[in-house]
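>>> any chance you could fold what I've pasted below:
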Amino acid sequence: MPGRGVADRLEAARFRVEDVCARLISPSPEMLDSCSGELESAIAEMAGTVSFLRQAGGDAEALAEAWHLQTAVRRAGTLLEKAADYHNRWARRLASMSEGYRPGGEPAAMAHTGRICLQA
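So this is what the prediction gives:
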């Protein structure tokens, strides 16, 4: 695969990750579900270019696109961390409202029901 093909594939992966970032700014459950598939697709695209990126070592365009992709992935990671933190804070608040507090002042652990996720 010539260097331009590597840059194109990295650019396609970056567009997927940037699209996920845009959706993570104000996520809904449906959006979050679709984000995982997009991120998996971007990861597969990146994995397919690793050996070609090594061969394109001096290709400035491919290296620049790899840097842009890395920036987008870091942003997506930050947004996912913020979403997890938000969810965890709401879970603690819900636990304190429904289960009360422990003697040390921490919210009691909430009893979670089992969940099953089936995908076809």
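>>> how near is the residue of the chain positioned farthest from its centre to residue 92?
Centroid-distance maximum for the chain: residue 103 at 37.2 Å, with CA atoms, centre = their mean. Going from residue 103 to residue 92 by CB to CB, to the nearest Å gives 17 Å. C-beta coordinates here come from the backbone N, C-alpha and C atoms, glycine included.
>>> burial of residue 67, as a residue count?
The number of residues packed around residue 67, counting by other CB atoms under 10 Å, is 12.
>>> now the one 10 residues further on
For residue 77, the number of neighbouring residues by other CB under 10 Å comes to 12.
>>> for residue 84, same thing?
Residue 84 is flanked by 10 other residues according to other CB under 10 Å.
>>> host element of it?
helix 60-99 (DSSP states H and E).
>>> if I've got this straight, residue 103 is in a helix?
No. Read with DSSP: H, G, I helix; E, B strand; the rest coil, residue 103 is coil and lies in no helix.
>>> need phi/psi at the residue farthest from the centre of the chain.
phi -60, psi -30 (degrees, to the nearest 10).
>>> now residue 95: how far from residue 59?
Residue 95 sits 52 Å away from residue 59, going by CB to CB.
>>> and the helix or strand of the chain with the lowest mean pLDDT, how far out from the chain middle?
Lowest mean confidence among the helices and strands of the chain (mean pLDDT, DSSP states H and E): helix 29-55, at a mean of 76. On the basis of CA atoms, centre = their mean, to the nearest Å, helix 29-55 sits 10 Å off its chain's mean C-alpha point.
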